[in-house]
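Peer 1: One predicted model, sequence on top.
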Amino acid sequence: MTVRRRARGRAALAAVAVAVLATVVPAGPGASPAGAVVDPPLATVPDGTVTGTDGRVYMADAQGRALQFRGFNSGKEMTALVAEVTPALMDTAADSGFDLLRLSWQWHKLEPTDDGWDEAYLDQVVAALDVAGERGISVVLDNHQDVFGPAFGGNGVPEWATRDDGQPFTANPGDPWFIATLQPAVQAAWEHLYEDADLRQEQIESLLHVVERVVGHPALLGYDLLNEPFGKIRPGEDLISAAARVEPTQLTAMYQRLADAIRTVDTESWVFVHPPNLATLGVRTALGRIDDPKLAYFPHFYDLGLESGEPFDPASGFHATWEGVIGHYPDTYGVPTLVGEWGLPDPAIGGAGTFIDRSLAVMERIGSGWTVFSWCAGAGYCVLDDSGQLDPAWARIVQAWPRAIAGAPTASRWDGAARSLHVTYRVRAGATGPTEIVVPPSLYPGGFVVETSAADGTWRSSWDEVTGRLEVTVPTGGLADQAVCVSPTGIAGGCTAEVAAPPPGPPPAPPADAVRAPARFTG
């Protein structure tokens with residue numbers, strides 16, 4: 001199924017110049033006209049996995065290319081999905097180079113009474129998939145909960161399915177929101193959800209009600225089985241020892257039940273799982289194996305200091321701590337890793353820029369994509385300001401990045417200061433088609449240079465002005481290791497298969513005679 005993507009503003013496109021090996025190439029007849037039919041979201045073709053040269057596992061498409069994703073969360077407030085996933089917001093996201101939406105839905109809004117389905121709510125979920133898919137954005141549906149459900153002032157499990165054994169619940173308004181999960185009533189509710197056979201079945205039925213409606217949608221990439229799960233701290237346990245029991249027993253079993261249920265209806269989409277956020281404390285997950293052919297790890301990435309309203313402390317060691325434990329699950333079970341949530345409660349908080357830069361660098365090393373929390377305008381966790389533009393602190397998340405790599409990836413490094421991307425990979429049998437790089441036009445108002453490590457005259461490139469996508473094809477013979485580089489016009493300096501340091505200092509101004517029209521070209 002093909003989808004149409006609106007044409008971007010002609011003025012912005014006219015400011016983009018494309019050069020090969022520092023030679024400006026005039027516009028050619030192959031440039032895509034405004035309103036051209038573009039490829040559907042990659043969600044229509046993921047098929048198996050590819051292993052990188054460092055052992056990292058990536059989703060693969062039908063051409064055997066290793067896929068990466070950059071995206072965002074929407075839909076948490078869920079007062080009305082049509083107000084949170086609007087064409088205007090999705091246009092801004094697509095124009096910024098993002099192609100993945102983690103979209104929240106909530107059980108208590110889908111089924112406010114036992115077997116009382118709100119089909120109008122589900123209509124909004126499907127409409128959001130439509131809006132995203134029309135812009136080439138794939139969707140992971142997030143079965144969202146926080147503080148278990150509305151019985152405790154949160155979202156997720158409906159009140160009719162909440163059993164708290166009459167235990168107390170007293171929320172302190174001054175505490176961070178997540179502290180409420182330690183209340184006795186919330187703990188009891190988790191225990192019943194895991195252990196009561198009738199609640200297990202109710203949970204499966206709610207999930208399948210969604211799956212049966214969305215299966216086969218061209219924008220659907222997969223299902224996040226449950227947002228930020230936890231469990232009961234039993235007598236004699238603390239937070240850490242409780243997690244060491246809950247994760248391999250109750251949580252793993254729940255994930256397996258839900259994955260198995262999905263496969264009775266949908267055999268193509270991916271299943272995403274993650275444990276409680278204890279990697280923040282330097283604790284690696286005890287989550288066990290979930291037997292599913294298309295399973296991805298989807299952990300969250302938050303600094304508890306920032307979550308508590310404190311400025312970021314660069315000396316805290318937070319990023320090194322998290323990175324040191326997060327790879328345990330994907331390394332053990334050989335599954336792709338994408339970060340399902342990351343962000344901060346206020347972009348004006350002290351050290352926000354440093355936190356974002358360090359987070360981007362870590363995620364570039366450990367996984368194959370991320371979805372920032374959250375694509376909304378205004379205060380709090382929103383990355384957009386009141387006018388709907390990226391907050392200055394968050395502008396650094398707009399990058400050039402490899403969406404599909406025609407080989408086994410070695411490394412991908414974006415240098416924000418130099419606006420330079422260096423992608424390296426190893427040629428492998430079974431990978432066909434071009435390496436596809438997302439190049440948001442706003443990054444290069446004066447044009448950009450494309451280089452490869454291949455011999456001059458043996459590689460090809462093309463630029464699509466509608467999608468902002470660059471395709472690069474290098475020969476499969478000869479060198480086993482290849483590199484593709486993108487940098488602003490004027491600072492090209494060689495692209496080798498080694499990940500070299502980017503040029504120091506800010507990029508120079510583009511030459512005055514730079515061509516200011518997109519081009520389709522051959523290098």
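Peer 2: That came through fine. Worth saying up front: this structure is predicted, and the values here are computed from it rather than measured. Numbering: from 1, shown residues only.

Peer 1: can you map out the strands along the stretch 401-523 of the chain?
Peer 2: Along the stretch 401-523 of the chain, the stretches classed as strands by DSSP state E, counting those that start in this stretch are 401-405, 408-415, 420-426, 435-438, 448-452, 460-464, 469-473, 481-488.

Peer 1: can you list contacts of the fourth one?
Peer 2: Residues from elsewhere that reach strand 435-438 (CB atoms under 8 Å, 6 or more residues apart in numbering): 65, 70, 97, 99, 400-407, 421, 423, 425, 468-474, 484, 486. All C-beta spots, glycine's among them, are computed from the backbone N, C-alpha and C.

Peer 1: nearest to residue 395, of the strands of the stretch 401-523 of the chain?
Peer 2: For these, distance to residue 395 was read as CB to CB. The smallest value, 13.5 Å, belongs to strand 408-415.

Peer 1: Mind checking which of the contacts of strand 435-438 are buried?
Peer 2: Among the contacts of strand 435-438, those scoring as buried are 65, 70, 97, 99, 400-407, 421, 423, 425, 468-474, 484, 486 (criterion: 16 or more other CB atoms under 10 Å).

Peer 1: what's the longest helix along the chain packed up against?
Peer 2: Longest helix in the chain, counting residues (DSSP state H): helix 197-214. Packed against helix 197-214 by the contact rule (3 or more CB pairs under 8 Å, 6 or more residues apart in numbering; DSSP states H and E) you find helix 107-110, helix 119-133, strand 138-143, helix 184-195, strand 220-224, helix 252-263.

Peer 1: To residue 456, which of the ones you listed lies closest?
Peer 2: Closest among the helices and strands packed on helix 197-214, using CB to CB: strand 138-143, at 36.1 Å.

Peer 1: partner strands of that closest one, parallel or antiparallel?
Peer 2: strand 100-105 (parallel), strand 220-224 (parallel) (DSSP bridges).

Peer 1: right, so the ones you listed: which one is the most enclosed?
Peer 2: Comparing the strands paired with strand 138-143 by mean neighbour count (mean count of other CB atoms under 10 Å), strand 100-105 comes out on top with a mean of 28.

Peer 1: what's the offset of that one from the middle of its chain?
Peer 2: Relative to the mean C-alpha coordinate of its chain, strand 100-105 is positioned 9 Å out (CA atoms, centre = their mean, to the nearest Å).

Peer 1: Could you do stretch 168-187 as well?
Peer 2: Taking CA atoms, centre = their mean, one finds stretch 168-187 lying 29 Å from the centre of the chain it belongs to.

Peer 1: can you tell me the distance between the two ends of stretch 261-274?
Peer 2: End-to-end distance of stretch 261-274: 18 Å, with CA to CA, to the nearest Å as the criterion.

Peer 1: List the buried residues of that stretch.
Peer 2: Residues of stretch 261-274 classed as buried by neighbour count (16+ other CB under 10 Å): 261-263, 265-266, 269-274.

Peer 1: Need the residues that contact it.
Peer 2: Here stretch 261-274 makes contact (CB under 8 Å, 6+ apart) with 43, 46, 59, 140, 204, 207-208, 211-212, 215-216, 220-225, 228, 255, 258-259, 287, 290, 292, 294-300, 338, 340.

Peer 1: circling back to that earlier point, could you point out which of the strands paired with strand 138-143 sits nearest residue 171?
Peer 2: Residue 171 sits nearest to strand 100-105 of all the strands paired with strand 138-143, at 21.6 Å, using CB to CB.

Peer 1: what's the angle from the closest one to helix 119-133?
Peer 2: 170 degrees (axes from the mean of the first three to the mean of the last three CA atoms, to 10 degrees).

Peer 1: Which residues does strand 100-105 contact?
Peer 2: Surrounding strand 100-105, the residues in contact under the criterion CB under 8 Å, 6+ apart are 69-76, 78, 81, 85, 90, 93, 125, 128-129, 132, 137-144, 210, 221, 224, 227, 340-341, 369, 371, 375.

Peer 1: One more pass at 6 Å, please.
Peer 2: 69, 71, 73-76, 125, 128, 132, 137-142, 144, 371 (CB atoms under 6 Å, 6 or more residues apart in numbering).

Peer 1: Now the terminal residues of stretch 93-101, how far apart.
Peer 2: For stretch 93-101, the first and last residues are 9 Å from each other (CA to CA).

Peer 1: How about stretch 88-103?
Peer 2: Taking CA to CA, stretch 88-103 runs 16 Å from one end to the other.

Peer 1: now it: mean pLDDT?
Peer 2: Stretch 88-103 shows an average pLDDT of 95 in the prediction.

Peer 1: what do you get for stretch 325-342?
Peer 2: On average, stretch 325-342 scores 97.

Peer 1: In contact with residue 410, which residues?
Peer 2: Taking CB under 6 Å, 6+ apart as the test, what residue 410 contacts is 53, 424-425.

Peer 1: one more time with 10 Å, if that's ok
Peer 2: With contacts defined as CB atoms under 10 Å, 6 or more residues apart in numbering, the neighbours of residue 410 are 52-54, 56, 423-426, 481-483, 497-499.
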